[in-house]
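Enquirer: for reference, the sequence and a predicted model appear below.
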There are 2 protein chains.
Amino acid sequence: MRSYGQYCSIARALDVVGDRWTLLIVRELLLQDACRFTDLKNGLPGIAPNLLSTRLKELEAAGLITREDAPPPVATVLYRLSEAGLALEPALKALALWGLRFMADERPDDAFRASWLAYAPAWFTTDAEPDAPPAVIQLVASGESAVIELRGGEVQAHPGRATDPDLVLDGSPRAVLGLLNGLIDLETASRLGLSVSGRRELLSRLRPIAQNQPPASDA
Amino acid sequence: MRSYGQYCSIARALDVVGDRWTLLIVRELLLQDACRFTDLKNGLPGIAPNLLSTRLKELEAAGLITREDAPPPVATVLYRLSEAGLALEPALKALALWGLRFMADERPDDAFRASWLAYAPAWFTTDAEPDAPPAVIQLVASGESAVIELRGGEVQAHPGRATDPDLVLDGSPRAVLGLLNGLIDLETASRLGLSVSGRRELLSRLRPIAQNQPPASDA
DNA sequence: CCGGATCCCCAGGGATACTG
DNA sequence: CAGTATCCCTGGGGATCCGG
């Protein structure tokens, strides 16, 4: 990218990560740890392979990622965030939190991935009853699934399926994530086709940190 | 900007503010409050006026800024951040903090502005002796000047000159900001031409929140 | 002088095909 | 699987010009 030519830390940061796709590549590496080229391509629907290739070289040159040869069985290259790349997490989180406000409207053709289903609750919800016993919530949306684990006051989440979840949420990405992020209430989510089965009371334990509700019912 | 087409809050945030210059425009409005077109153009050295015009329209359409007619004496338009625009501050701060690591190297042709001199200490330093009496520090770099005020445990800063500062730092932007941000120590800053006059002990009161020092002397 | 609009040119990005 | 090569086209840089 062409430099902004400004002695300002924001401008210099954008000199490095301001290019198109760059921050999304960092997102993928942050959510998935070490990735092959194809994993990244898969997690970044819409990117052209030449662009991905170019960006990876730029990111390596800037010191944000490292290339390493994978162990023998799979002779391929793995990309991983360096310390400087990992240090972007707070900025990415802040941007993601701000971006929640744009998740309310539907865009049917948007791509969707399980890892994006997982990071939202992990980053933006807290356990309102930290001393309650552990619980497992299964999320399913658009064919992608993720698991939320409530344990010891922590909210963790990762892509995949749970064997015996206490609660299952299944619906459109907008319904599932909108509910978890506090953008819509349960009634609205149900109207959007959300299916809730299991211990519904667990929903009140999952507290979104954002207060982005449209001005409707105020407590 | 072309949408990324991903149902992910980071991607949707970048759909709105991922374009070139957009976040820097937000920076200016965040640092300077209401701005005229010309103020923005001045605070964004290098931007083409048509680009600025285009971005302002896009930002208004996205609901991040508002246009308002200024009071009669100056019949002009003022641009101001909306609530959604102001909500970007945490993300911008996080990005600015991350970007500090790229401020160490010199690029002589970089533009520099007083408001950038001011935001760094205001955002990224704390008063190590919050109960000590108030103090005023004058910063001068590259013809731009800003004032830091230590008072009641708060560190505030704004462009301009103080009438009777307790301490004056004068030098290259890299020397002044590098010292304040903890990127370089006083000795290095002095070698870079930093002039320090007044109550030097105030420097130890100004504590950078970042620990970006190159691996040298560890306490 | 302020607040843009217009024009031309080139670099950066998108899509697809192809190769080691 | 992991990229590279190619082509096309849009978006941005730079200068100049116009209306109020």
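Expert: That came through fine.
Enquirer: alpha carbons only for contacts and neighbour counts from here, please
Expert: OK.
Enquirer: ok now whichever strand or helix holds residue A:68, how far from the chain's centre?
Expert: Assigning secondary structure by DSSP states H and E places residue A:68 in strand A:65-69. What separates the centre of strand A:65-69 from the centre of its chain is 23 Å, taken as Cα atoms, centre = their mean, to the nearest Å.
Enquirer: give me the sheet partners of it and which way each runs.
Expert: strand A:77-81 (antiparallel) (DSSP bridges).
Enquirer: now do the buried residues in the helix or strand that the partner strand is followed by.
Expert: Following strand A:77-81 in sequence order, the next helix or strand is helix A:83-86 (DSSP H and E). Residues of helix A:83-86 classed as buried: A:85, A:86 (neighbour count, 16 or more other Cα atoms under 10 Å in any protein chain shown).
Enquirer: same question, stretch A:32-48
Expert: Going by 16+ other Cα under 10 Å, stretch A:32-48 has these buried residues: A:32, A:34, A:35, A:36, A:37, A:40, A:41, A:43, A:44, A:47.
Enquirer: nearest residue to residue A:90 other than its sequence neighbours?
Expert: residue B:94 (6.2 Å; Cα to Cα, 6 or more residues apart in numbering or on different chains).
Enquirer: returning to what we had before: among the buried residues of stretch A:32-48, list the two that are farthest apart in space.
Expert: Taking every pair in these and measuring Cα to Cα, the maximum separation is 18.7 Å, between A:34 and A:47.
Enquirer: give me the contact list for the worst-scoring helix or strand of chain A on mean pLDDT.
Expert: Sorted by mean pLDDT, DSSP states H and E, the helices and strands of chain A end with strand A:65-69, the least confident at a mean of 92. The contact list for strand A:65-69, computed with Cα atoms under 8 Å, 6 or more residues apart in numbering or on different chains, reads A:56, A:59, A:60, A:75, A:76, A:77, A:78, A:79, A:80, A:81, A:82, A:85.
Enquirer: out of these, flag the one nearest to residue B:145.
Expert: Nearest to residue B:145 among the contacts of strand A:65-69, with distances taken as Cα to Cα, is residue A:85, at 33.0 Å.
Enquirer: thought that closest one was touching residue A:27?
Expert: No: if you go by Cα atoms under 8 Å, residue A:85 and residue A:27 don't touch, sitting 9.9 Å apart.
Enquirer: about what we covered before: lowest-confidence entry in the contacts of strand A:65-69?
Expert: Among the contacts of strand A:65-69, residue A:75 carries the weakest pLDDT, at 75.
Enquirer: for the residue nearest to that residue when sequence neighbours are not counted, list each beta-bridge partner.
Expert: Residue nearest to residue A:75 in three dimensions, not counting chain neighbours: residue A:69, with 7.0 Å by Cα to Cα, 6+ apart. Beta-bridge pairing for residue A:69 (DSSP bridges): residue A:77.
Enquirer: how many neighbouring residues does residue A:69 have?
Expert: Other residues lying near residue A:69 total 11 when counted by other Cα atoms under 10 Å in any protein chain shown.
Enquirer: and it, how far is that from residue A:77?
Expert: Per Cα to Cα, to the nearest Å, residue A:69 is found 5 Å from residue A:77.
Enquirer: kindly report the same for residue A:52.
Expert: Computed as Cα to Cα, the residue A:52 to residue A:77 distance reads 14 Å.
Enquirer: do the same with residue A:143
Expert: With Cα to Cα as the criterion, residue A:143 and residue A:77 are 29 Å apart.
Enquirer: higher neighbour count, the two?
Expert: Taking other Cα under 10 Å, residue A:143 and residue A:77 do not tie; residue A:77 has more neighbours (16 against 12).
Enquirer: the longest helix anywhere in chain A and DNA strand D in contact?
Expert: Counting by DSSP state H, the longest helix found in chain A is helix A:49-61. Yes: contact of helix A:49-61 with DNA strand D (Cα under 7 Å from any atom of the strand) involves A:49, A:50, A:53, A:54.
Enquirer: and stretch A:35-43, by the same measure?
Expert: Yes: applying Cα under 7 Å from any atom of the strand, one finds stretch A:35-43 touching DNA strand D at A:36, A:37, A:38, A:39.
Enquirer: can you confirm residue A:75 is in a helix?
Expert: No: Residue A:75 is assigned coil when assessed by DSSP: H, G, I helix; E, B strand; the rest coil, not a helix.
Enquirer: residues near it, how many?
Expert: Neighbours around residue A:75, by other Cα under 10 Å: 9.
Enquirer: and it, backbone torsions?
Expert: phi -80, psi 80 (degrees, to the nearest 10).
Enquirer: for it, give its distance to residue A:85.
Expert: Residue A:75 sits 25 Å away from residue A:85, going by Cα to Cα.
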